[in-house]
Every structure is written in structure tokens, then in C-alpha cells.
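J.: turn this into a structure:
(one chain, ligands or ions: 1)
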Amino acid sequence: MKYDQGKILSRRAAMVASGDWLDVTLLDHLARAPLDKTAIVAIRTDGLTAPAETRLTYRELDRRAGLVAANLRARGVGPGDTVSFQLPNWWEFSVLHLACLKLGAVSNPLMVIFRERELSFMLALAETKVLVVPERFRGFDHGAMAVALKAKLPDLAHVFVAGGSVEGAEDFTALLSPAPGIGQTALAPDDVIQLLYTSGTTGEPKGVLHTSNTMLSNLVPFADRLALGADDVIHMPSPMAHQLGFMYGLVLPVMLGATAVLQDVFSAPEMARQIAQESATFTMGATPFLNDLTEYVAGGGGATPSLRVFVSAGAPIPRALVAKARPTLGATIISAWGMSENGAVTTTNLDDPEEKATTTDGCALKGMEVRVIDPDGQPVPTGTEGHLQVRGCSNFVGYLKRPDLDSTDADGWFDTGDLARMDDQGYIRIAGRSKDIIIRGGENIPVVEVENLLFRHPAIAEVVVVGYPDERLGERACAFVRPREGEQFSFADMTTYLADQKMARQYIPERLEVVAELPRTPSGKVQKFRLREVLRQS
Ligand code: ADP
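T.: Numbers count the residues shown, from 1 in each chain. Next up is the predicted model:
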């Protein structure tokens, strides 16, 4: 994988001097982890009548990661190669990331919702050498899809399936065969370790690159602020293929030598059951997770007495929800704001008055700065809405092969595309977005991609996709379509067409408005805000 090392090196001196980059990798932490302690409790429910648990000690986790690394090395995978894995929160996910670290390879986690269309682009851009998928998950045949992708992608040399067998691919278990150790790791703290695709606002996904230094420099102050340590039991219901799940469900527990409990398919009753069974103390997820768990527990379905902290991030958090969740779950509710590019940048504090968690998204973690500016780049007065920018240790090191998309300026300020207000204590509240995405239950819908694809439909003359409010998911997507003269376009036409294009199901708009005309500015730009108003009022 090729990336611009110059950019990393230019930040290095200042970051090391400030003590924010500690020049260690997760393998250094793994080497210090208590060997006989449970590292992972992976609880599989998909397709099963009763949950199936896999418990791995740190010794076993390390052993399996070593074997996977050795077997990948034997297949020619080495430093800088991309290993892509489209996996749910299964133990294989964590093992693969640690194996990549041992090899000096780049981990490229992929959301299980992605289909051939998204994956063809992502794997080609990453020049993926190895792809690992579940044989089947939530009724979808990932094995067959992966084999089909291999036939199309010349760099993709190896496909492995976990939890089953598929013709044309190897079983994941082959990676656990006895093999001689690979010896010294090739990994340095400034090497890129993770490639994570995030929804583009430009019509294609952007590949966010992180190093050990950028990632761990977020987790150290995060753990400090929330008083997390080796005794915590970290429950992760959010997909580890999102930055939230990856950093706080996979990397954080290993860094702390704590136990991670991994949930593969989210449901509130199962989450409550897992928290109770494993005495989980910490969990984190987007608003719908907090909402559903709170409703379930409030309805008498279960209790979460061990839970100390629930961090809610990734989407706007309704004030009333935070107020209800705290007494219901018996946990401190922490509001946070972050991005794949930076991890959690702002969080509230454990001892903040409740009003901070209900009305703000927190203040910056150590090593990060936030500011709110006007369109001319000038800081706005306290309480005024403006563009949110962030700077510091956990900012990513660039987008794969697209340096032009990086909005980090020469002074290190990254333009987030979010709008925010800041109070006089430095706490921010996200007020909206200047970037064109829709966040459906914490999942970003790449609006421009959906629009571009619909635009190619022969019956469509014009199309825009905008979000409309939804109580549970925050937002859903609606397509406004102007058909060509004499053409018809129905909701069924839209969903069938997008599914045939092998687009992720979650990206398909859930509402269609057929219109004769779209509202425009004098310069001809479609006024999406007007369409949002129309939807809000209907
Ligand atoms: P993740 O991988 O954590 O979901 P993404 O990079 O996909 O992160 O999405 C980041 C975006 O999510 C932010 O730019 C912002 O628009 C939105 N977001 C994150 N946290 C909050 C929050 N607390 N309130 C409102 N929006 C948020």
C-alpha cells in the first residue's frame, strides 16, 4: 500500500515532544497482557437457536494471532499488504487484526452490509491481497460473493471463509494450522495499520488511514477520562468494522488488558442478557443502541446493575433519552462526538453535571483541540453556530490514494463537515452538517453515491436524496425524483433497481417522492433544505 509518509513525519517531532504519541504498538500492550485472563467472550447468535460463546484467554488470542500471521506469511502476505475482512463481531475479527500487526500488514475492516458494488471499489483501491468473509451472515451468502469478487480482482490472491466452507475459497481454520513462528514483527509505530472506508461526500468511499500512534494516542486519554482499566469488562454491540467498534471494542480492551464481550447481532434483550451474564461495566454505541436498551430495561425486560458507563456517540443524542437512560440503566451516560478520521474527540466527563451530558457532546480529550469558525476561517463567538474543526494527535494520516480529499490544513486543522456551537467551558454541541450525508442509526448513507446510481436509471431525469427525521434511527433517506417525459418511476422500481445494482440494502432510500420540478437557487443548485422542510411537514 502506498501512502505519504512525509505527512506523518512532519507531525512526529511535535507529537512525541508533547507526549501524545507514545511510540508503542498494540503488540507491546499484548505482550504485557495477563496471559490467563479472558481477553474475549465472543457470543454468536446469528442463525443459531441458542447463543454460542467462544472464550479466549490472552494467551490463546496471542497464539491464534501468531498462527494466522504465520499462515498468511506462508501465502506471501507481508509488510504493507492489505488484508480485508468483512466480518461481524466474531473472535476471528480480533485475531485477524492482531495477526496483521504481527505481519506489518494493513487491517481493512469492512462492514457486513457492503455488497459487491461497494466491495469491488474498496478492494480494488486497497489492492487487497487477502479477503476474509463469513460463509453466511444474516441470511446473505458472503462466501459466494467473495469468490465472485476474486474472479474480478487481479490483486486478490486469497479468500477465506469463517464459519463454513465454500468452493473456490479456503476455510479460515486453515489459518490456524501449525506453522513455524514468524519471528520479529516488522511493525513500527508510524506505519499505517488500519484502512477504514468512510462514506464519501464526493461520490466514492474514502479510505481513512491510521497508524498505531494516531489510534493509541486517542485511547490513552479516553481511558483516563472514563477511568477505564484492566478490571473493566467492555461490551461491544456496535460493529467492529466501524471506527467506534474497532477502537473501543477491539483495540481498547487489549490496550488495557481488559475483557471484551462481543455481540454479533444487535438486539436490546440480548445486549442486556450479555451485560448481566458477563458483568460488563462499559459499553458504547450510537443512539439507537442506547434508546433500545433503555426502553427494554425500562419496560422491565432486564437489568444492567454492573454497567458503569454507556458512551453514546456517532449521531445526534436526544436530550430526553440521556435523562431517561441514566436512572434506568444505573450508568453514567457519556455523550461523545467523533469521526472515523479521529476517533472520539470530545466526550463529557464522569463527574460533569447531568446537564452537560444532556445538552452537549463533550469537550476535547487531551492531545486534541476543537474550534468553531465562520466561513472566512475566523473563530465565532461563544454559543454561535459555525464549522467544527479539530486538530491533534489522533487525527488520521490521510485518505488512501486521495490526498486531494484531505481537509487538514497546513496548521493541522481538519475540517469535519459538522456544524457546532461551543460553550464558555469548551464543550461543543453538534448543530448540523455542512457535508451531504445522512446518518441512519449511526450508519452513514453516502448520498452522492446513491444519487449517482439513481441518475443512471433510464426513467430518471433528475434526482436528489435527502434525510427525514425518524424517532428511532435519527434519520432515514428519501429520494426526490423527476422522471423523464412520459416515464413513470415507482418505489418498487427504485428498490428493485438499487438492489439489482448490488447496493447495500441500508443505503436504499425508504421513501420516494415523484415531483415535476425541484426547488433551485438562482444559480441552479437544488435547495435540499427546502426538500427537508417538505418532508418534516408531511
Ligand atoms: P463512526 O465510524 O464513528 O460512525 P463516521 O466517520 O462514520 O464515524 O461518522 C462521523 C459523523 O457522525 C460525524 O462527522 C457527525 O456528523 C456524526 N456524529 C458523530 N457523533 C455525533 C454526535 N454526538 N452528535 C451528532 N452527530 C454526530
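
J.: the ligand contacts on this protein?
T.: Within the chain, the positions near the ligand by C-beta under 6 Å from any ligand atom are 198, 242-244, 313-317, 335, 337-340, 361, 416, 418, 430, 433, 439, 442, 444. No exception for glycine: its C-beta is placed from N, CA and C like everyone else's.

J.: residues of the longest helix seen in the chain that come out buried?
T.: Taking DSSP state H as the criterion, the chain has its longest helix at helix 58-74. Within helix 58-74, the residues scored as buried using 16 or more other C-beta atoms under 10 Å are 58, 60-62, 64-73.

J.: ok but L216 is inside a strand, no?
T.: No: assigned with DSSP: H, G, I helix; E, B strand; the rest coil, L216 falls outside any strand and is helix.

J.: just checking, it touches V24?
T.: Yes: if you go by C-beta atoms under 8 Å, L216 and V24 touch, sitting 6.6 Å apart.

J.: between the two, who's got more neighbours?
T.: Shown here are L216 and V24; by other C-beta atoms under 10 Å, L216 has more neighbours (28 against 15).

J.: and the more buried one, what does it touch?
T.: The contact partners of L216, by C-beta atoms under 8 Å, 6 or more residues apart in numbering, come to 22, 24-26, 251, 255.

J.: and the average pLDDT for the helix or strand containing T495 is what?
T.: Element membership for T495 (DSSP states H and E) is helix 491-500. Helix 491-500 shows an average pLDDT of 96 in the prediction.

J.: what's near enough to touch the residue nearest to R59 when sequence neighbours are not counted?
T.: Excluding the flanking residues, the one nearest R59 by C-beta to C-beta, 6 or more residues apart in numbering is L35, at 4.2 Å. Contact analysis of L35 by C-beta under 8 Å, 6+ apart lists 57-59, 62.

J.: next, A174: secondary structure please.
T.: Per three-state DSSP, A174 ends up helix.

J.: gap between the closest residue to it other than its chain neighbours and R440?
T.: Distance criterion C-beta to C-beta, 6+ apart; nearest residue to A174, sequence neighbours excluded, is N71 at 6.7 Å. Computed as C-beta to C-beta, to the nearest Å, the N71 to R440 distance reads 38 Å.

J.: my read: the residue nearest to A174 touches L175, true?
T.: Yes: using C-beta under 8 Å, N71 makes contact with L175 at a distance of 4.4 Å.

J.: want to throw the buried residues of helix 58-74 into JSON lines with pLDDT?
T.: Formatted as JSON lines, those follow (pLDDT from 0 to 100):
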{"residue": "Y58", "pLDDT": "98"}
{"residue": "E60", "pLDDT": "98"}
{"residue": "L61", "pLDDT": "98"}
{"residue": "D62", "pLDDT": "98"}
{"residue": "R64", "pLDDT": "98"}
{"residue": "A65", "pLDDT": "98"}
{"residue": "G66", "pLDDT": "97"}
{"residue": "L67", "pLDDT": "98"}
{"residue": "V68", "pLDDT": "98"}
{"residue": "A69", "pLDDT": "98"}
{"residue": "A70", "pLDDT": "97"}
{"residue": "N71", "pLDDT": "98"}
{"residue": "L72", "pLDDT": "98"}
{"residue": "R73", "pLDDT": "97"}
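
J.: so, low pLDDT: which residues of the protein?
T.: For the chain, applying pLDDT under 70 flags the ranges 200-202.

J.: domains for it, by residue range?
T.: Domain assignment for the chain by automatic domain parsing gives 1-25+212-435, 53-187, 438-537.

J.: where do the strands sit along the stretch 251-400 of the chain?
T.: 259-263, 282-285, 309-312, 332-339, 343-347, 363-364, 368-373, 386-392 (DSSP state E, counting those that start in this stretch).

J.: of all the ones you listed, which one is nearest L187?
T.: Ranking the strands of the stretch 251-400 of the chain by their distance to L187 (criterion: C-beta to C-beta) puts strand 343-347 first, at 19.6 Å.

J.: mind saving the C-alpha coords of the closest one as PDB?
T.: The C-alpha trace of strand 343-347 is given here as PDB (Å, rounded to 0.1, in the frame of the first residue of the first chain):
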ATOM      1  CA  GLY A 343     -11.800   8.600  16.900                       C
ATOM      2  CA  ALA A 344     -13.800  10.100  19.800                       C
ATOM      3  CA  VAL A 345     -12.600  13.700  20.000                       C
ATOM      4  CA  THR A 346     -14.900  15.200  22.600                       C
ATOM      5  CA  THR A 347     -16.700  13.400  25.500                       C
END
